[in-house]
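**Student:** A predicted structure for the sequence below; I have some questions about it.
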Amino acid sequence: MNKVFFLIIALLLVAALLLPNIIGRVAQSSTYRLAEQLNANRDEFGDVSIERYARGYASSETIVTWMPGSKQIALSAFIEQPIRLVCQGSHGFWSYSYQCTGQNVEAYRKFVTTELNGVDPISISGDISVFGEIRLSLDLKEFQLQNSSSERITVKAGDLDFTTNKDAEEFYFSGEFDGLDAEGEDGSLAIQILKIDGNLRLNQFDIGIGSAAASVERLTLRSNQDGVLQLNGLYLEGDSKEQGTDLEMLYRLTVEQLRQSETPLANKGAQQSSKPNDLDLSKLLMEIRFAGVNMAQLSSLNQKWMALPSESESDNKASMLALIPEIEDLLKSGLSIDSRLAADYQSKPMSADFNLALVGDLTFGDFLLMKINPKTFFAKFKARMKTLVPQAVLDVNAKAMESVGNNPLYVKSGSNYESHIELLDGEIMINGEAVTLEKMMSLLNER
């Protein structure tokens with residue numbers, strides 16, 4: 001019994017002695033693997049170079065440089081030399097913990113020194129587990145920029161966590177920031193509580209499958225000339241799913257309440273009561289969904305699009321024309337787009353729904369033949385558009401009344417104006433009545 005006990009103790013001691021070294025090796029291989037995968041898409045992610053990786057028994061030092069890719073034109077304008085990160089890490093029993101500081105970022109260093117009294121508000125840390133999982137954390141402390149007594153920006157505190165698996169195929173991120181306040185001579189901007197989160201997986205076509213979302217508790221924009229715009233409960237989300245060989249994508253924006261007052265703040269004597277052009281909407285929804293998108297063709301098109309030279313290097317017209325066959329390969333039967341815009345105005349709903357689906361393969365040649373045989377062309381589409389506008393909206397907006405109230409595409413239905421247009425088998429129906437293409441075009445011209 002004593003021998004077994006001492007054997008277990010001995011094995012634990014050996015494991016304790018070996019684990020830091022194993023963790024160091026895992027961290028090193030994971031770092032090089034991630035750099036290799038990022039460099040496989042240099043144009044999109046930039047160029048990552050590991051200048052030095054000094055691995056010891058209990059700690060390591062890593063020096064990494066990064067330059068923006070050719071497609072990151074906005075960043076390239078500000079970053080002339082590679083950004084250099086020096087990371088110090090320690091080998092634990094189960095993970096490698098690191099903290100990084102930036103060097104050779106002269107513009108940022110000067111900014112911190114002159115504007116923030118030498119206090120860097122950003123800190124980067126993280127760890128790499130024995131299983132190869134990589135976690136990065138960014139912490140932001142509140143800081144303030146002031147150009148004059150009337151111009152000030154306050155960036156509030158926040159944090160962001162980012163995690164990827166050892167193969168850099170799965171990504172998780174979440175963050176929360178207290179917001180931002182900006183004041184100037186022309187007005188102010190206030191953002192309260194910004195949150196982001198996501199869970200994405202790269203599939204065999206390097207397409208992100210999963211979901212990502214961002215929310216803002218309140219956004220207020222005050223303009224001395226244009227009044228006040230306030231958004232409460234703003235939520236933006238994106239979601240993608242695999243449907244066999246096809247991709248389905250959904251993008252949705254919701255706002256609990258949107259208020260806009262056109263009373264200029266600079267007009268001190270103006271009454272702050274609601275004006276006819278003021279806007280107060282609730283339950284605002286903007287949504288668009290794509291289905292039937294061939295993932296292989298989308299990936300091929302995206303790769304060729306990213307390979308196009310930037311506009312500063314050459315004229316892309318010929319290169320973009322060469323992409324027409326790739327685009328045509330996406331315009332296949334089954335591709336569909338659905339969109340919805342809806343809101344409540346004075347507790348009365350208004351909405352606009354649009355659905356378009358291809359029931360036949362489409363080529364750019366079909367567009368050239370449209371004038372010769374329009375019915376054959378439109379027979380490749382199935383479409384529906386339904387619009388609902390309450391009378392209350394038209395009563396307070398003369399332009400809306402002119403656009404909708406006198407529009408032959410709309411009919412009065414109770415206290416609403418409705419329009420229902422449908423395209424099926426090359427035939428057009430407007431509010432239940434079949435019309436020719438020529439009649440449809442004449443109605444549009446009457447607007």
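**Tutor:** Cool, the structure landed. Residues are numbered from 1 along each chain as shown.

**Student:** can you list the low-confidence ranges for the stretch 1-150 of the chain?
**Tutor:** 1-22, 44, 71-80, 93-94, 103-112, 115-116, 118, 130, 148-149 (pLDDT under 70).

**Student:** got the residue ranges for the strands in it?
**Tutor:** 47-55, 59-67, 83-91, 95-103, 122-129, 134-140, 143-148 (DSSP state E, counting those that start in this stretch).

**Student:** just checking, what packs against the third one?
**Tutor:** Applying 3 or more CB pairs under 8 Å, 6 or more residues apart in numbering; DSSP states H and E, one finds that strand 83-91 makes contact with helix 2-39, strand 59-67, strand 95-103. No exception for glycine: its C-beta is placed from N, CA and C like everyone else's.

**Student:** give me the distance from it to the chain's centre.
**Tutor:** Taking CA atoms, centre = their mean, to the nearest Å, one finds the center of strand 83-91 at 30 Å from the center of the full chain.

**Student:** would you mark the buried spots in that strand?
**Tutor:** Neighbour-count burial for strand 83-91 flags Ile83, Arg84, Leu85, Val86, Cys87, Gly89, Ser90, His91 (criterion: 16 or more other CB atoms under 10 Å).

**Student:** can you lay out those as JSON lines showing distance to Lys348?
**Tutor:** Listed next are the buried residues of strand 83-91 as JSON lines, based on distance: CB to CB, whole Å:
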{"residue": "Ile83", "distance to Lys348": "54"}
{"residue": "Arg84", "distance to Lys348": "59"}
{"residue": "Leu85", "distance to Lys348": "56"}
{"residue": "Val86", "distance to Lys348": "61"}
{"residue": "Cys87", "distance to Lys348": "58"}
{"residue": "Gly89", "distance to Lys348": "60"}
{"residue": "Ser90", "distance to Lys348": "62"}
{"residue": "His91", "distance to Lys348": "65"}
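
**Student:** which of those residues sits closest to Lys380?
**Tutor:** Taking CB to CB as the measure, Lys380 lies nearest Ile83 of those, at 50.1 Å.

**Student:** partner residues bridging that closest one?
**Tutor:** Trp66 (DSSP bridges).

**Student:** isn't it up against Trp66?
**Tutor:** Yes: Ile83 is in contact with Trp66 according to CB atoms under 8 Å; the separation is 5.0 Å.

**Student:** now the helices for this structure?
**Tutor:** 2-39, 42-45, 73-76, 106-115, 295-306, 317-321, 324-328, 364-368, 374-378, 391-395, 398-400, 437-445 (DSSP state H).

**Student:** and the contacts of the fifth one?
**Tutor:** Residues from elsewhere that reach helix 295-306 (CB atoms under 8 Å, 6 or more residues apart in numbering): 43-44, 71, 203, 205-207, 242, 245-247, 323, 326-327, 329-330.
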